[in-house]
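A.B. asks: Make a model of this:
(2 chains)
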There are 2 protein chains.
Amino acid sequence: MYEIAVIGYGGMGSYHTEQLLTLPEEFHLAGIYDINPARIEAARSKGIRGFDTLEELLAEPSVRTVIIAVPNNFHKELSIKALRAGKNVICEKPVMMCAAELEEVIAVSKEAGRQFTVHQNRRWDRDFLIVKKAIEDGTLGKPFYIESRVQGSKGIPGDWRCVKEAGGGMLLDWGVHLIDQIMWLVKSPVKEVYAHLLSVKFPEVDDNFKLLLRFENGLSALVEVDTYTFINLPRWHVSGDAGTLQIDSFGCEGKIVRAKTSEMHWEAGIVYTVAGPTRTMAPRPQETIEEIALPEVQTDARDYYRNFRDADLGKAELIVKPEEALRVMRVIDAVFESARTHTCISVDI
Amino acid sequence: MYEIAVIGYGGMGSYHTEQLLTLPEEFHLAGIYDINPARIEAARSKGIRGFDTLEELLAEPSVRTVIIAVPNNFHKELSIKALRAGKNVICEKPVMMCAAELEEVIAVSKEAGRQFTVHQNRRWDRDFLIVKKAIEDGTLGKPFYIESRVQGSKGIPGDWRCVKEAGGGMLLDWGVHLIDQIMWLVKSPVKEVYAHLLSVKFPEVDDNFKLLLRFENGLSALVEVDTYTFINLPRWHVSGDAGTLQIDSFGCEGKIVRAKTSEMHWEAGIVYTVAGPTRTMAPRPQETIEEIALPEVQTDARDYYRNFRDADLGKAELIVKPEEALRVMRVIDAVFESARTHTCISVDI
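C.D. replies: Predicted coordinates for the structure are as follows:
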């Protein structure tokens, strides 16, 4: 049985234990440790082993892998400690506060001969996999725009996520996921990074941001995370030279509309707004387009743990590679630099 | 009676004549001139006077004002010619190919003592005026994001609008309107200009673009014009620190959703996507928000002509001021520079 322990028993730590406990044939949850004794007791009350100290957990020989689910500013220290103790490490995202920290940790993992990666679980989200399949199937032709948005209206839950020093803010929270998804999807280097990071309700951190990325292949991506928007725009809007895909929300309602012909000539249509006519923005004749359903995809987020295990045992290629996480962190560094300097950052990532 | 003649009897030239003919008590359509004799005949067949030459039109003493509705690259030459002939000039947008040209024309208009302005008619569009009223009424609190989009799927109608030399492309077409609207709305200097100009189907010009503007007061605006998008995003999406407004299309369906309280604490809610939980993006409790209708506005695009006339006669302040058109052209110049250099352009406009 593959033994995994969890460090940090807050929101994400609890989530990991629950996920692993649904796979009793494949994984054994070796236990948890939390800096807060009340959280250790909470785990014990659910029948989960609670280690009294971090050292005790790391000294337990049966534990092959630890998951680190603590505030972002402790990721580096704990990852290095666990790797040096001979454990494989799955670190919550954002893996580190900046790319330089991640390089250090990757070096330690190589030195220790242990597998290290990041919990980029949102590569398994259904909305994302639908977009990925539609693009890979060529349904949209060559994509030229991707818009990926996550929006809420509750602000940032009032814990470490709104503290700058703790690695708070939306760029290091949802931003990391959305950037990772797009970089995994678009097989081309990032060349330009420009962002507006706003602090609408939480002065220390970015609570609403818009990011424009340009890839070497010409694709333009808009990534947006908002915590104070009361009417959500679609989760995904992707335009290709053969059609457009839209997914409204995590619920994955949406559609694809495609051109039925590459022919671009038709009778002039005109739309009148109050202030004037427009030919360009008049609708297409219906017979030149077709609406099709989004592709079906099946996904199980627990495949993340299975792939980590299989890669550790030499039976599979690791899906979330440390060097991919490093590319994402380099883009994140560039986003912060863009926001600080009010410039577009030229990169080759 | 206020006498107006129209130079160029294509799409917009015809539109102007039709508009003026609906106001027979206020304006007299003195006639038209077009470089194409067939267009002059077409006007005559509708009972409109067709001048045989441009010189004849400009020499007609009763003509007080001319409207110039020809391809963009002829705006400067014709505007100067008309001003020097002692006429007031309403020039179609984009007023010129660049800010330097406009400065020249403004200088000529001052020298000639004639009134010159641009047909920024979309300040009278109902969707825009609803946004303006909602913001000015304070309904959204302090706005921090404005997204203004116009999207079609027909490409660019195959005339001079897809020829670079003629001033084609979407930035100089719809882009000018959307930038003018936002700059008129936001009373703050533009500080940053960054754009992705794409040529998806028309290699010479931008047929799809995204533009991020940042204003000195911190507001971030996304302006987008697309001609190859098969599922439209909303025409307007505006976020303020008290609520969000959305207008779906030129038809002006839409709504405002506001926070009922500035209190930011509530029971933790969690949304589960396939790949994991999110507290931040869980919906707000319904009792903390309210949906309200968009404000009512009345608008008549013909007020554009009335205001021009009244300003000419010293009875009103000109609404579309040449110096405002110059600010817009300076932003347009910066957009082209951003696209050419792949950088964010720092400005103070």
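A.B. asks: Using the three-state scheme, assign A:Val297.
C.D. replies: Three-state call for A:Val297 (DSSP: H, G, I helix; E, B strand; the rest coil): coil.
A.B. asks: so it touches A:Val131, yeah?
C.D. replies: No - the pair A:Val297 / A:Val131 is not scored as a contact, 9.6 Å apart, by Cβ atoms under 8 Å. C-beta: built from backbone N, CA, C; applies to glycine.
A.B. asks: Those two - which one has more neighbours?
C.D. replies: Using other Cβ atoms under 10 Å in any protein chain shown, the more surrounded residue of A:Val297 and A:Val131 is A:Val131, with 28 against 16.
A.B. asks: chain center to the least confident helix or strand in chain A by mean pLDDT: distance?
C.D. replies: Within chain A, judged by mean pLDDT, DSSP states H and E, the helix or strand with the poorest mean is strand A:271-273; its value is a mean of 74. Relative to the centre of its chain, strand A:271-273 is centred 41 Å away, using Cα atoms, centre = their mean, to the nearest Å.
A.B. asks: go on, stretch A:306-313?
C.D. replies: Offset of stretch A:306-313 from its chain centre (Cα atoms, centre = their mean): 20 Å.
A.B. asks: again with stretch A:194-208
C.D. replies: From the chain centre to the centre of stretch A:194-208 is a distance of 19 Å (Cα atoms, centre = their mean).
A.B. asks: can you give me the strands for the stretch 151-300 of chain A?
C.D. replies: A:190-198, A:208-215, A:220-226, A:236-240, A:243-247, A:254-259, A:271-273, A:276-278, A:289-292 (DSSP state E, counting those that start in this stretch).
A.B. asks: And for the residue nearest in space to the middle of chain A, nearest residue in space, chain neighbours not counted?
C.D. replies: In chain A, the C-alpha closest to the average C-alpha coordinate belongs to A:His177, at a distance of 1.3 Å (Cα atoms, centre = their mean). Closest residue in space to A:His177, ignoring its immediate chain neighbours: A:Arg122 at 4.1 Å, by Cβ to Cβ, 6 or more residues apart in numbering or on different chains.
A.B. asks: go on, A:Phe202?
C.D. replies: Closest to A:Phe202 by Cβ to Cβ, 6+ apart is A:Cys162, at 4.4 Å.
A.B. asks: try A:Ala316
C.D. replies: Computed as Cβ to Cβ, 6+ apart, the closest residue to A:Ala316 that is not its neighbour in sequence is A:Asp310, at 3.6 Å.
A.B. asks: for A:Thr273, same thing?
C.D. replies: If the residues on either side of it in the chain are set aside, A:Thr273 comes closest to B:Phe250, at 4.5 Å by Cβ to Cβ, 6+ apart.
A.B. asks: number of nearby residues for that neighbour?
C.D. replies: Applying other Cβ under 10 Å, we find 18 residues neighbouring B:Phe250.
A.B. asks: A:Phe51 now?
C.D. replies: By other Cβ under 10 Å, 22 other residues sit near A:Phe51.
A.B. asks: residues contacting A:Glu103?
C.D. replies: By Cβ atoms under 8 Å, 6 or more residues apart in numbering or on different chains, the residues touching A:Glu103 are A:Leu326.
A.B. asks: which SS class is it?
C.D. replies: Of the three states, A:Glu103 takes helix under three-state DSSP.
A.B. asks: what's the distance between the residue nearest to A:Thr280 when sequence neighbours are not counted and B:Val223?
C.D. replies: Nearest in space to A:Thr280, with sequence neighbours left out and distances taken as Cβ to Cβ, 6+ apart, is B:Gly152 at 5.5 Å. Note on B:Gly152: its distance to B:Val223, by Cβ to Cβ, to the nearest Å, is 15 Å.
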